[in-house]
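Asks: Following is a predicted model, sequence given first.
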Amino acid sequence: MRKAFSFLILMCLTSISIFAVETISTQANRPENIQVLLAKNVDEALLEAKGSYVVFDPKDGSRITSSLTGKRFMVKAVASGIKWGETYPGNHQIYIVPKAKNSSLLVNGIEYDGAIAIFKIKNKINIVSDVDIEDYLKSSLTPQFPYPMESEVMAAITIAARTTAYSHVKRNKDAFWHVSAQDIGYHGRAIIQPDSHVTNAVDRTRHLILVLSKSGENRPFAATWTENSAGQTAAFHTIFRKDWWAPKVGVEAPHAALNREESKWTYKINRKELASLLHLSTISSVELYTDTTSKKAYALKIKTPTDTKDMDFETFQRIVGKENILSNDIKAILSNNDVIFTGFGKGLGVGLCILSANQMAHNGDNAAKILAKFFPDTFLLNLSTRLDTKVK
């Protein structure tokens with residue numbers, strides 16, 4: 001699939017060992033952008049420019065029009081191209097950039113940092129936010145972490161989230177967008193709090209990512225986290241059944257292991273109720289597909305008297321409720337009328353274990369050591385600096 005627009009900024013990749021302290025000299029900041037899908041195949045949307053703006057043709061970067069004042073109209077597809085107040089004949093893609101620092105763009109009343117791309121497919125439009133990854137992180141992490149935590153833990157989580165964002169960009173470099181706002185919880189500029197613990201963590205770790213070296217290439221990867229691994233994490237590919245360039249091993253988490261029994265949970269649900277949720281007539285048995293090392297479930301086989309239904313664990317958890325099925329470190333037992341799920345910990349058990357990371361931080365470990373523990377054989381890269389001197 002051909003890329004819809006070509007305003008990405010190239011990264012400057014400079015290797016920094018996760019186990020060493022580095023003295024660095026700053027070059028010009030060159031942050032990457034990420035393209036976030038805001039609306040897909042819609043008839044129209046309310047697009048507002050507050051302040052001056054420029055409209056480009058993303059195919060060749062040529063300027064279509066500009067204005068020193070704002071504009072607020074529905075944007076839609078028309079036979080000749082795209083219409084936003086005025087019609088842009090022959091233009092089936094437009095790229096709108098705020099022209100001044102105090103200018104901004106809103107889609108359906110939500111304000112977004114960066115530029116907005118609109119492209120037409122048949123008689124529908126798709127809307128994409130082209131945003132600096134640092135601003136993207138502040139928006140997407142804020143609702144996930146509403147309360148302050150240990151600063152080194154928040155820094156480690158932020159680096160992991162940035163790593164995942166760069167992974168999306170690199171893996172989907174030829175796509176029209178990298179991630180969906182709905183899937184990752186991106187809510188634009190309004191929810192960003194200027195001096196919050198999340199904003200401070202993003203600013204403090206600016207442009208730091210993890211990479212895994214493979215075949216001579218340093219790759220960012222899917223770097224996730226889990227609230228409580230219950231003593232053992234699983235490799236990304238074993239739970240999510242896809243690669244995403246992530247490390248191929250899980251790790252032991254001794255701090256979470258000490259808390260394992262305290263983290264035990266049980267959920268009982270009537271067989272008929274569970275069958276109804278899963279759109280089945282009845283349930284004869286529930287079997288778990290588990291990772292051989294961590295014993296965490298990645299899928300379920302649900303049998304009826306006449307059929308079998310396989311379902312990945314994430315889908316099952318979403319249907320039954322994350323507040324009911326807390327983790328995939330789980331067992332299932334069928335009684336006469338009920339299905340009883342018993343498990344340990346919280347989350348999908350992949351990547352950084354937040355409970356263990358908090359204890360490591362209490363013991364004086366910094367973000368680099370936390371990341372080295374849960375993402376073995378990886379390295380930190382600073383994307384906006386070059387290495388001058390390594391200090392042992």
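Replies: On my side now, so go ahead.
Asks: tell me the mean pLDDT for stretch 112-131?
Replies: The pLDDT scores in stretch 112-131 average 95.
Asks: now swap in stretch 186-200 and tell me
Replies: pLDDT averaged over stretch 186-200 gives 93.
Asks: Would you mind writing the CA trace of that stretch as PDB?
Replies: This file holds the C-alpha atoms of stretch 186-200, laid out as PDB (Å, rounded to 0.1, in the frame of the first residue of the first chain):
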ATOM      1  CA  TYR A 186      -5.300   8.500  21.600                       C
ATOM      2  CA  HIS A 187      -7.400  11.500  22.700                       C
ATOM      3  CA  GLY A 188      -5.500  14.400  21.200                       C
ATOM      4  CA  ARG A 189      -4.200  17.500  23.000                       C
ATOM      5  CA  ALA A 190      -6.900  18.300  25.500                       C
ATOM      6  CA  ILE A 191      -6.100  15.600  28.100                       C
ATOM      7  CA  ILE A 192      -2.400  16.400  28.300                       C
ATOM      8  CA  GLN A 193      -1.500  18.000  31.600                       C
ATOM      9  CA  PRO A 194       1.500  20.200  31.300                       C
ATOM     10  CA  ASP A 195       3.200  19.400  34.600                       C
ATOM     11  CA  SER A 196       1.900  15.900  35.200                       C
ATOM     12  CA  HIS A 197       3.900  12.800  36.100                       C
ATOM     13  CA  VAL A 198       3.300  11.500  32.600                       C
ATOM     14  CA  THR A 199       4.400  14.700  30.800                       C
ATOM     15  CA  ASN A 200       7.500  14.900  33.100                       C
END
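Asks: for it, which positions count as buried?
Replies: Buried residues in stretch 186-200, defined by neighbour count with 16 or more other CB atoms under 10 Å: Tyr186, Gly188, Arg189, Ile191, Ile192, Ser196, His197, Val198, Thr199, Asn200. Every C-beta, even on glycine, is put in place using the N, C-alpha and C of the backbone.
Asks: Name the residues linked to the closest residue to the third one other than its chain neighbours by a beta bridge.
Replies: Sequence neighbours aside, Glu111 is the residue nearest to Arg189 in space, at 4.6 Å (criterion: CB to CB, 6 or more residues apart in numbering). Beta bridges link Glu111 to Leu106, judged by DSSP bridges.
Asks: Repeat that for the one 5 residues further on.
Replies: Taking DSSP bridges, one obtains Ile96, Ser129 as the residues bridged to Ile116.
Asks: Wait, it touches Ile127, no?
Replies: Yes: Ile116 lies in contact with Ile127 (CB atoms under 8 Å); the separation is 6.5 Å.
Asks: Please list all residues in contact with the residue nearest the centre of the chain.
Replies: With distances taken as CA atoms, centre = their mean, Ile184 lies nearest the centre of the chain, 5.1 Å away. Each residue near Ile184 by CB atoms under 8 Å, 6 or more residues apart in numbering is listed here: Val36, Ser140.
Asks: do you know how far it is from Thr233?
Replies: 21 Å (CB to CB, to the nearest Å).
Asks: What of Ile325?
Replies: 18 Å.
Asks: These two: which has the busier surroundings?
Replies: Thr233 (32 against 20; other CB atoms under 10 Å).
Asks: Going toward the C-terminus from the longest helix seen in the chain, what's the next helix or strand?
Replies: Looking across the chain with DSSP state H, the single longest helix is helix 151-171. As assigned by DSSP states H and E, the chain's next helix or strand after helix 151-171 is strand 179-180.
Asks: immediately after that following strand, which helix or strand?
Replies: Immediately after strand 179-180, counting by DSSP H and E, sits helix 181-184.
Asks: residues of that following helix that come out buried?
Replies: Within helix 181-184, the residues scored as buried using 16+ other CB under 10 Å are Ala181, Ile184.
Asks: Any stretches of the stretch 51-200 of the chain with poor pLDDT?
Replies: For the stretch 51-200 of the chain, no stretch is flagged by pLDDT under 70.
Asks: Convert the helix or strand hosting Ile94 to CSV, retaining C-alpha atoms only.
Replies: Assigned by DSSP H and E, Ile94 belongs to strand 93-98. Extracted in CSV, the C-alpha atoms of strand 93-98 (Å, rounded to 0.1, in the frame of the first residue of the first chain):
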residue,chain,number,x,y,z
GLN,A,93,-5.6,13.8,-0.6
ILE,A,94,-4.8,16.9,1.3
TYR,A,95,-2.4,17.6,4.1
ILE,A,96,-3.3,20.5,6.5
VAL,A,97,-0.5,22.1,8.6
PRO,A,98,-1.0,24.8,11.3
